[in-house]
Every structure is written in C-alpha cells, then in structure tokens.
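1. Show me the folded form of this:
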Amino acid sequence: MKEVVLQVEGITKTFPGVKALDSVSFDIRPGEVHALVGENGAGKSTLMKVLAGLYKPDGGKIVYRGAPTQVAGPLDARRKGILLIHQELSLSPELSVAENIYLGAWPTNRFGVLKKRELRRNASAALEALGCGFGPDVRVGTLSVAMQQMVEIARAEAFSANVVIFDEPTASLTDTEKDQLFHTIRGLKARGVGIVYISHKMDEIFDITDRITVLRDGQVQGTVDTAETNLNQVTRMMIGRTLDAYFVKAKPEFGAEVLRVEGLAKQGLFRDVSFTVREGEVLGLYGLVGAGRSEVVETVFGVRQADAGKLFWKGGKIDLPTPRQSIDMGMALVPESRKEQGLVLIMGGRENTSLPHLSLFSDLSVMNRTKELATFEKYRSALSIKTTGPDQAVSQLSGGNQQKFVLAKWLCADPKLIILDEPTRGIDIGSKSAIHELIADLAERGLAVIVISSEMPEVLGVSHRVLTMSEGAVVTEFKGDAMTEENLIDAVSRHRDEAAA
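-> The predicted structure follows:
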C-alpha cells in the first residue's frame with residue numbers, strides 16, 4: 001500500500017436545491033493515475049473544485065501530505081502543489097506562455113516591477129522539462145488547443161505540483177494529441193505526481209489509470225483497481241445497470257425519401273457529396289476529424305453556402321435553403337458544440353427550448369408564457385432533464401442535461417428530419433444510453449435521422465446505414481453485415497493513403 005498524498009474525508013457540499021457531495025471520501029497516491037467517473041451531475045467536478053480551492057466545503061476535512069489543511073483559493077492550492085486543469089482552459093489568450101504559467105504569481109522586485117528575465121527563465125525550464133515545442137514568449141492565443149493544454153500542464157512543473165487533476169482533458173483533442181497528452185501524464189506519474197483523471201471516455205479510463213472511483217448522486221459507490229475490473233462492473237456502479245441494452249437500433253421500416261443530396265461541394269471543405277435518407281431511417285456519417293462531415297450537414301441546413309450541388313426535399317427539387325427556411329420546412333440541426341452553437345447559456349431551459357420557434361409560442365406577437373412553460377415541462381419529463389426549474393441558467397447544468405435541452409428545442413417543432421452532430425460528445429454513459437433510445441424512438445415515429453459520430457461503436461450501434469467520409473469525400477456506404485469497425489477503418493485508411501500517394 002502506497003502512502004497517500006491527498007485525502008478527503010466526509011466532504012459535503014450543497015448548492016440551492018442540490019446536495020452535490022454527500023459525505024465523500026477519496027484519496028490520491030503518489031505516482032498513480034486515479035480515475036473519477038460518474039454520470040453528469042454525479043459530483044465529480046464539484047469535488048475537484050473543492051480540492052482546487054474554488055469551492056469551500058460545507059463539511060468534512062482535507063488531509064494533504066499527512067496533515068489536515070484548508071485550501072483558501074486556487075492560488076493557495078497551486079502554492080501547496082495541487083493543480084486543476086479545467087476542461088475549458090483557464091488561460092489569457094493575449095498574454096505570453098510565460099505570463100500564463102505564472103499568472104497570479106509573477107516574480108517581482110520590492111517595488112512591484114516584473115522580473116522579466118526570471119519569469120522567462122523559469123518558464124523555459126518548465127517547458128523544456130515537458131518537451132514542449134514552443135517557447136515562453138509565444139502569445140497563447142496563437143497556440144492550438146493541445147498546445148494550450150501543455151501550457152496548463154507546465155504550471156504543474158513550474159510549481160512542483162504533487163497532485164494534478166485533469167477534467168475531461170481530451171474533449172477537444174485529436175487522437176495524435178491525445179497520445180501526446182498520455183505520454184506527458186505517464187511522465188508526471190513516473191516522477192511521483194498523483195494524478196486524478198476525469199473522463200466519460202471509458203477506453204481512456206482503462207488505458208491510462210490505476211484505480212477507479214465511482215460517484216453517483218454525490219456519493220461514492222466504490223473504488224476498484226483498474227486491472228481487476230471491467231466496463232460492465234464500472235457501468236453498473238455508475239448507472240445501476242449493465243451495458244446490455246446500451247445501443248438501441250430502430251426497426252428497419254422505412255418510408256418515403258425525405259432528403260436527397262446530389263453533388264454537393266464547397267471548395268476546400270468537401271466535394272461531390274451525394275446521399276439520401278428516408279422516413280424511419282437512421283443514416284450514420286463516420287470519419288476522422290477534418291473529414292468534412294459537419295461541414296456537409298451545415299451546408300445542407302444553410303449555415304454555409306455551397307459552391308455546387310442539388311437538394312431534393314420530399315421528392316421535389318429545392319433551392320439551397322437558409323437556416324430559417326430549413327427550420328420552416330421541418331429540418332433540425334443539433335450542432336457539434338452545444339455551448340457555442342446550441343444554447344444561450346445565460347438563459348433558462350424554458351427560453352432555450354422556445355427560442356428558435358417564437359411564432360409557436362406567441363399570440364399576436366405576445367409570448368404565451370403558459371404554453372411555453374407547458375412545453376418546457378413536457379420535455380423536461382420526456383427527456384428526464386435534471387434542473388431546478390424553467391429559469392435555471394443552462395450554464396449551471398451538466399453536459400448531458402444541456403444536450404437534452406438542445407434536443408428539446410428542436411423536437412418541440414415536430415421536425416421531419418433531425419441531424420445530430422456528435423450528439424453524445426462529453427456526456428456520461430447513462431445520458432448517452434438515453435439519447436440512443438431517443439434516436440431509435442424518433443426513427444420509429446417516422447422521422448429521418450442523420451447521426452454524425454466519431455465513436456465507431458455508436459455510429460454502428462444506432463444506424464441502419466453508414467457512409468464513411470475522408471478528405472472531404474464520401475468514400476463508401478455500408479449496411480447490414482458489412483457494417484463493422486474493421487470495414488470502416490479500412491475504408492477511411494485506404495482513402496487517406498491513396499490521397500497521400
């Protein structure tokens with residue numbers, strides 16, 4: 001049994017109407033990667049924010065390096081050697097790398113003047129230790145997401161952190177960038193740093209971690225050694241059931257053609273894209289990052305203007321629509337980024353649900369609040385959305401509940417075609433399963449559904465047909481027994497190799 005570097009005992013934290021943490025105990029050992037998993041709203045991020053000094057607990061105690069301690073704030077946590085790397089990076093884009101690494105703790109002389117040489121020298125040493133390919137003087141806003149994440153990690157090196165907490169660190173990374181991150185994490189682990197790893201991606205959990213602690217409804221369900229457990233056991237602890245019914249595919253009963261796309265093209269993004277989707281059908285689009293999948297559906301919906309191509313709606317040729325025209329026809333687009341494209345975060349669920357369809361909720365240009373509230377309650381119940389009320393800002397909700405409000409705002413308009421771009425990205429297993437069931441239900445009610453997903457098991461599990469895309473082109477169509485992970489990988493890889501040659 002290794003020593004414990006950081007331990008919490010009986011931590012409780014309550015927000016208005018919600019008990020986020022209920023007598024939680026948890027520990028971190030030097031040189032281990034300890035996963036913290038659970039559904040959205042289980043309390044994972046709240047617990048980590050308590051450790052990082054962002055929240056003050058209502059009860060319980062924190063023991064750090066063998067002694068009870070209080071964490072007065074983020075800077076105090078950093079000075080103690082506890083560093084939280086947020087899912088949404090907390091960097092100042094207009095400042096340099098060095099200034100960001102030591103933000104809040106810049107070295108100054110007795111007159112308060114910044115010691116620029118010392119700042120640059122110390123930052124260079126931290127960057128060099130991590131093998132970063134950029135220097136201390138680069139403006140952070142010019143770096144990629146993966147490089148900005150390395151700036152955050154460099155803070156751990158600069159402040160000799162004993163505990164580093166990663167909250168959904170691969171949410172915006174490519175596979176190559178993820179591999180680089182894992183290499184860095186293993187390097188920190190080898191130097192004796194205790195690491196907490198929060199993620200909804202269970203393949204990552206089983207790849208990188210040594211132990212797994214499961215939270216559900218603010219309570220610890222148990223801690224297991226990663227090597228001695230499996231996905232079904234962890235899932236049962238998280239959501240109270242196994243993965244047997246995780247993917248649900250609608251019955252293959254198709255009606256008339258809803259949408260046909262012929263020769264759609266947008267210079268520099270995609271070319272000669274053609275496909276159809278029918279009533280009751282789920283069409284999957286699979287491809288690697290940059291394949292052009294999102295750009296195609298955004299063009300179909302009218303967010304982008306096409307350079308060439310034809311659209312047919314319910315058998316009749318139509319002009320390439322604007323988003324408003326698409327909505328009026330009965331088309332809906334759930335975008336890839338719910339926070340940036342799908343929601344107004346300061347608004348409540350009621351307003352977000354009605355926002356694209358104000359004419360449905362108004363009488364003589366006056367909002368019918370009764371109808372609006374009834375619709376909110378209908379979809380809160382139907383989608384099992386956890387919220388304290390219609391006006392709670394959606395920014396305060398978990399990712400899964402936010403995604404359900406994006407779905408609700410389109411479903412209330414009774415669409416004929418719904419396009420789902422990465423519908424389960426960044427949400428927990430339980431919410432994913434609920435969305436898979438919803439996709440099947442929509443198709444069985446006669447909607448045409450297009451699903452874009454980077455997760456092969458998901459796109460295969462919910463779709464009747466799958467189109468693979470690579471380098472802006474549709475490569476192959478698979479259906480029936482030909483829909484396998486091996487075939488999807490082979491189609492994409494072969495096309496990329498041919499394009500490179």
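
2. Show the contacting residues for the residue nearest in space to the middle of the chain.
-> Nearest to the mean C-alpha position of the chain, by Cα atoms, centre = their mean, lies G426 at 2.4 Å. G426 is in contact with E168, A171, H200, G399, counting by Cβ atoms under 8 Å, 6 or more residues apart in numbering. From N, CA and C alone the C-beta is placed, and that goes for glycine too.

3. Identify those among those that sit within helices.
-> Per DSSP state H, helices hold the following members of the contacts of G426: G399.

4. Now, of the contacts of G426, which are buried?
-> Listed as buried from those are E168, H200, G399; burial here means 16 or more other Cβ atoms under 10 Å.

5. Would you map the helices across the stretch 401-501 of the chain?
-> Per DSSP state H, counting those that start in this stretch, the stretch 401-501 of the chain carries helices over the ranges 429-444, 456-462, 485-500.

6. wait, the stretch 51-200 of the chain
-> Assigned by DSSP H, counting those that start in this stretch, the helices in the stretch 51-200 of the chain fall at 74-80, 97-101, 116-130, 145-158, 175-190.

7. Just name the most buried of those helices.
-> Mean neighbour count (mean count of other Cβ atoms under 10 Å) peaks for helix 97-101 among the helices of the stretch 51-200 of the chain, with a mean of 25.

8. Identify, from the buried ones among the contacts of G426, the entry nearest to L259.
-> Nearest to L259 among the buried ones among the contacts of G426, counting by Cβ to Cβ, is G399 at 28.8 Å.

9. Is the closest one in contact with N40, as I believe?
-> Yes: in this structure, G399 is within contact of N40 by Cβ atoms under 8 Å, at 5.2 Å.

10. thinking again about what came up before, minimum distance to P57: which of the helices of the stretch 51-200 of the chain has it?
-> When those are compared by Cβ to Cβ, helix 74-80 sits nearest P57, at 13.3 Å.

11. what helices or strands is that closest one leaning on?
-> Judged by 3 or more Cβ pairs under 8 Å, 6 or more residues apart in numbering; DSSP states H and E, the packing partners of helix 74-80 are strand 82-85.

12. Show the average pLDDT along the strand it packs on.
-> Average pLDDT, strand 82-85: 88.

13. Quick one: list the elements packing against that strand.
-> Here strand 82-85 touches helix 44-51, helix 74-80, helix 145-158, strand 163-167, going by 3+ Cβ pairs under 8 Å, 6+ apart.

14. In terms of mean pLDDT, which of these ranks lowest?
-> Across these, helix 145-158 has the smallest mean pLDDT, namely a mean of 82.

15. Give me the contact list for that one.
-> By Cβ under 8 Å, 6+ apart, helix 145-158 touches 78, 83, 85-86, 89-91, 97, 100-102, 122-123, 125-127, 129-130, 132-134, 140, 143, 161, 164, 169, 172-174, 177, 180-181, 184, 188, 193.

16. what do you get for stretch 474-493?
-> Residues from elsewhere that reach stretch 474-493, judged by Cβ under 8 Å, 6+ apart: 272-275, 286-288, 291, 456-457, 459-460, 463-470, 495.

17. Of the helices and strands packed on strand 82-85, which is nearest L215?
-> Smallest distance to L215 across the helices and strands packed on strand 82-85 (Cβ to Cβ): 5.7 Å, for helix 44-51.

18. Okay, angle between that closest one and strand 163-167 too, please.
-> Between the axes of helix 44-51 and strand 163-167, defined by axes from the mean of the first three to the mean of the last three Cα atoms, to 10 degrees, the angle is 150 degrees.

19. and helix 44-51, what does it pack onto?
-> Packing partners of helix 44-51 (3+ Cβ pairs under 8 Å, 6+ apart): strand 6-15, strand 18-28, strand 33-37, strand 82-85, strand 163-167, strand 194-198.
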